[in-house]
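**Student:** task: produce atomic coordinates for the following.
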Amino acid sequence: MTHEPVTVTLEFTPNPNTLKFVVNRKFLDKGAANFSEVGKASVSPLAQKLFQIKGIAGVMIGTHFITITKATEGDWDVIADEVPKTVEAFILGGSPFFSPEWSPESPVIATGETAEIENKIREILDSEIRPAVAMDGGDITFGRYEDGIVYLHLQGACSSCPSSVATLKMGVETRLKEVIPQIKEVVQV
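**Tutor:** Predicted coordinates:
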């Protein structure tokens with residue numbers, strides 16, 4: 001247990017509806033836990049606490065950061081003031097970030113005729129793309145691969161970002177096509 005003071009630093013994201021709060025504590029070893037509504041946050045006492053702040057529509061907990069998506073009626077000044085206080089109090093309270101029955105996504109090893117392509121897509125997402133989009137407070141996870149089309153889930157700052165189409169097409173699709181020529185297109189689920 002570290003005795004270092006909790007610091008929460010606000011960072012802007014490319015998405016005007018999300019803010020990223022970088023915390024000097026580790027929430028997850030890798031990936032992210034995305035909660036698009038309070039009802040889905042039952043496995044995370046921290047996310048539930050954050051949803052109690054007026055105007056929050058989504059919470060994504062990453063490795064060392066939390067991305068907050070503002071509801072239409074939300075006020076950034078209130079959110080920017082309340083989130084760091086809530087996170088610091090929660091951490092100092094010593095409660096677990098996630099309930100014991102929750103576990104992060106486990107790696108899926110595909111089988112079947114498209115297994116090699118699916119496993120390569122996951123490998124590129126995990127090693128190159130997810131770390132890059134996490135810097136902007138987002139996450140991209142694999143949905144499925146079918147008939148040359150890769151279906152991906154955009155989360156956190158990526159989910160409703162005005163530049164998400166550009167990220168998906170010019171960034172992710174271009175990179176995946178470089179490595180896997182069978183890919184025709186990348187689309188958001």
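**Student:** low-confidence ranges, the protein, go.
**Tutor:** The model of the chain has pLDDT under 70 over residues 1-2, 105-110, 161.
**Student:** what residue of it is the furthest out?
**Tutor:** residue 113 (29.6 Å; C-alpha atoms, centre = their mean).
**Student:** so it, which state does it fall into?
**Tutor:** Secondary structure for residue 113, judged by DSSP: H, G, I helix; E, B strand; the rest coil, is coil.
**Student:** just how off-centre is the one helix or strand residue 165 maps to within its chain?
**Tutor:** Applying DSSP states H and E as the criterion places residue 165 in helix 164-166. Centroid separation for helix 164-166 versus its chain: 16 Å, with C-alpha atoms, centre = their mean, to the nearest Å.
**Student:** one more: stretch 149-156?
**Tutor:** With C-alpha atoms, centre = their mean, you get 11 Å for stretch 149-156.
**Student:** and this structure, what are its domains?
**Tutor:** Domain assignment for the chain by automatic domain parsing gives 8-93, 115-188.
**Student:** now tabulate the ones you listed in a markdown table and tack on distance to residue 99 and mean neighbour count.
**Tutor:** To be clear about C-beta, it is placed using only N, CA and C from the backbone, and glycine gets the same treatment. Listed next are the domains of the chain as a markdown table, based on distance: least, C-beta to C-beta, whole Å; neighbours: other C-beta atoms under 10 Å:
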| stretch | distance to residue 99 | mean neighbour count |
| --- | --- | --- |
| domain 8-93 | 5 | 17 |
| domain 115-188 | 20 | 18 |
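**Student:** before I go, just wanted to say thanks for your time.
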